[in-house]
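Asker: next input, structure requested:
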Amino acid sequence: MPLYLNDDQTMLQDTARTFLAEEGSIQKQLRKYRDMNCKDGFGHALWRQFGEMGFTGILVAEEDGGLGLGHVEAGIVLEEIGRNLTPSPFLTTAIGAVEALRETPHRQRWLPGILSGETVAALAIDEGAKHRPEGIALTAERCGNGFRLSGAKQFVVQGASADLFVVAAKAEEGPTLFVVEKDAGGLEVEGVRLADSSIAARLTFEGVEVDADAVIGDVGQGGAVLDRVLNGVRAGAASEMVGVASGSMALTVDYLRQRKQFGKLIGEFQALQHRAAHLYSEVEIARAAALKAQQLLDEGSDEAELFVSVAKAKAGMVSTLAVQEGVQMHGGVGMTDEYDIGLYMKRDRVLNELFGDVNYHAERVARLRGY
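Answerer: Presented below is the predicted three-dimensional model:
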């Protein structure tokens with residue numbers, strides 16, 4: 001497929017760009033909820049607007065009330081979320097949870113709330129300092145007609161405000177995914193504010209008992225579902241990082257056109273022009289990588305897993321380059337809270353770590369290529 005959007009996707013992009021520039025701006029959302037020390041870190045009113053706009057149903061099948069679109073369309077929305085640093089549970093809920101729950105009986109209970117923007121979901125996967133889903137230690141022991149979950153999770157983004165958790169555990173039969181509700185007995189949730197002012201959580205499972213119906217798919221067969229979920233959110237995070245890079249670059253170029261030094265606009269200096277041009281080309285490459293990964297996911301291609309890691313690694317490198325160049329070209333003021341460029345750097349740091357950093361995915365690409 002060509003690496004550009006078709007007419008319908010371009011219309012969606014125009015809609016999402018206008019909506020999020022107006023309603024999801026830094027002043028209206030990120031700074032507002034950060035400065036009021038909001039326990040959720042995002043606005044539930046805006047999340048309901050996401051539902052009204054149909055964004056929350058992009059990956060939901062039409063028979064379930066959604067739009068029946070794909071990861072390319074979800075990536076379009078996520079790039080605009082990144083461009084505006086809009087705090088939102090879109091990635092974990094409208095992509096991660098929807099991917100986990102579709103084609104299961106759980107969708108009948110939870111998808112209506114997700115579609116309306118009333119329900120928030122979180123992915124409870126990571127347990128250590130780094131993203132290592134292959135090393136899950138949280139246990140699921142048989143208990144009567146169900147299971148008893150014991151262990152801990154961390155870096156559960158949106159976990160402090162989630163209505164449900166998609167939990168990866170290790171059962172005797174193999175890796176298994178569960179739906180755990182927020183008020184489950186024995187579940188402790190500790191909210192943690194991240195560098196970008198979003199709220200994650202540490203979860204402690206002290207013998208949390210769930211019935212057999214809480215299993216997503218089949219017991220011991222959760223690996224395939226988890227791979228599908230992770231491919232979706234990793235590709236989505238890549239698009240969001242492209243948005244962060246693009247938004248940071250736009251701020252920087254605008255600053256180059258206004259700031260004067262030695263009686264000249266600093267954008268007239270050739271050295272800075274070369275750096276800006278290089279950054280532009282890198283952002284376009286990262287955007288193409290993310291789009292390719294999402295196209296392959298929508299096609300069900302065997303190469304999708306490889307290209308998802310390519311996209312996550314490339315977008316991570318480019319996003320970091322963009323925010324570093326932005327802060328440096330702003331000079332000393334780039335380090336102050338008055339200027340938004342520093343907020344992009346903070347968001348970059350969180351997104352880079354989420355669902356695997358550059359090194360994790362670079363190594364994964366090498367392994368998938370047989371090295």
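Asker: mind listing what residue 106 touches?
Answerer: By CB atoms under 8 Å, 6 or more residues apart in numbering, the contact list for residue 106 reads 179, 216. All C-beta spots, glycine's among them, are computed from the backbone N, C-alpha and C.
Asker: what pLDDT is listed against residue 329?
Answerer: pLDDT, residue 329: 89.
Asker: what is the neighbour count of it?
Answerer: Counted with other CB atoms under 10 Å, the neighbours of residue 329 add up to 21.
Asker: buried residues, stretch 131-146. List them.
Answerer: Neighbour-count burial for stretch 131-146, with 16 or more other CB atoms under 10 Å as criterion, is recorded at 131, 133, 136, 138, 140, 146.
Asker: what helix or strand is residue 180 on?
Answerer: Using DSSP states H and E, residue 180 maps to strand 174-181.
Asker: isn't residue 177 up against residue 99?
Answerer: No - applying CB atoms under 8 Å, one finds residue 177 not in contact with residue 99, separated by 10.9 Å.
Asker: neighbour count winner among the two?
Answerer: Shown here are residue 177 and residue 99; by other CB under 10 Å, residue 177 has more neighbours (28 against 24).
Asker: could you pull up the residues touching that one?
Answerer: Counted by CB under 8 Å, 6+ apart, residue 177 has contacts 100, 166-169, 215-217, 222, 225-226.
Asker: could you rerun that using 10 Å?
Answerer: By CB atoms under 10 Å, 6 or more residues apart in numbering, the contact list for residue 177 reads 100-101, 104, 123-125, 140, 166-169, 214-219, 221-226, 229.
Asker: ok, now residue 217?
Answerer: Contacts of residue 217 (CB under 10 Å, 6+ apart): 100, 103-104, 106, 176-177, 223-226.
Asker: gap between it and residue 179?
Answerer: 11 Å (CB to CB, to the nearest Å).
Asker: next one: residue 305
Answerer: Separation of residue 305 from residue 179 (CB to CB) stands at 24 Å.
Asker: need the residues that contact stretch 254-271.
Answerer: For stretch 254-271, contacts defined as CB under 10 Å, 6+ apart pick out 252-253, 272-273, 275-276, 326, 329-331, 333-334, 339, 341.
Asker: re the thing from before, just the buried residues of stretch 131-146 now: which is nearest residue 153?
Answerer: Checking the buried residues of stretch 131-146 against residue 153 with CB to CB, the nearest one is residue 138 at 6.6 Å.
Asker: helix or strand for the residue nearest to the closest one when sequence neighbours are not counted, which one?
Answerer: In this structure, residue 138 finds its nearest non-sequential neighbour in residue 151, 3.1 Å apart by CB to CB, 6 or more residues apart in numbering. Secondary structure from DSSP H and E places residue 151 in strand 146-153.
Asker: what's the mean pLDDT across the very next helix or strand once past that strand?
Answerer: Later in the chain than strand 146-153, the nearest helix or strand by DSSP H and E is strand 164-171. Average pLDDT, strand 164-171: 96.
Asker: hang on, the earlier thing: quick one: contacts for the residue nearest to residue 138?
Answerer: 124, 127, 136-140, 167, 169-170, 203-206, 208.
Asker: need the CA coordinates for stretch 221-233. PDB is fine.
Answerer: This file holds the C-alpha atoms of stretch 221-233, laid out as PDB (Å, rounded to 0.1, in the frame of the first residue of the first chain):
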ATOM      1  CA  GLN A 221      -3.200 -19.200  25.600                       C
ATOM      2  CA  GLY A 222      -2.900 -15.500  26.500                       C
ATOM      3  CA  GLY A 223       0.400 -15.000  24.700                       C
ATOM      4  CA  ALA A 224      -1.300 -14.600  21.300                       C
ATOM      5  CA  VAL A 225      -3.800 -12.100  22.600                       C
ATOM      6  CA  LEU A 226      -1.100 -10.200  24.500                       C
ATOM      7  CA  ASP A 227       1.000 -10.000  21.300                       C
ATOM      8  CA  ARG A 228      -2.000  -8.600  19.500                       C
ATOM      9  CA  VAL A 229      -2.600  -6.000  22.200                       C
ATOM     10  CA  LEU A 230       1.100  -5.000  22.400                       C
ATOM     11  CA  ASN A 231       1.400  -4.700  18.600                       C
ATOM     12  CA  GLY A 232      -1.600  -2.300  18.700                       C
ATOM     13  CA  VAL A 233      -0.400  -0.100  21.500                       C
END
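Asker: show the pLDDT at the residue of the chain most remote from its centre.
Answerer: What lies farthest from the middle of the chain is residue 263; by CA atoms, centre = their mean that is 43.0 Å. For residue 263, the pLDDT comes out at 80.
Asker: now it. Its backbone dihedrals?
Answerer: Dihedral pair for residue 263: phi 80, psi 10, per degrees, to the nearest 10.
Asker: circling back to that earlier point, write the ChimeraX selection for whichever of the contacts of residue 177 are buried.
Answerer: With 16+ other CB under 10 Å as the burial test, the buried ones among these are selected in ChimeraX as follows:
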select :100,101,123,124,125,140,166,167,168,169,214,215,216,217,219,221,222,223,225,226,229
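Asker: what about the residue lying closest to residue 220 once chain neighbours are set aside, distance to residue 16?
Answerer: Among residues not flanking residue 220 along the chain, residue 173 sits closest, at 2.9 Å (CB to CB, 6+ apart). Distance, residue 173 to residue 16, using CB to CB: 42 Å.
Asker: same question for residue 313.
Answerer: Per CB to CB, residue 313 is found 25 Å from residue 16.
Asker: next one: residue 346
Answerer: 23 Å.
Asker: give the partner strands of the longest strand seen in the chain in its sheet and their orientations.
Answerer: The longest strand of the chain (DSSP state E) is strand 199-211. Note on strand 199-211: by DSSP bridges, its sheet partners are strand 146-153 (antiparallel), strand 187-193 (antiparallel).
Asker: now the angle from the first one to strand 174-181?
Answerer: What that stands for is strand 146-153. 90 degrees (axes from the mean of the first three to the mean of the last three CA atoms, to 10 degrees).
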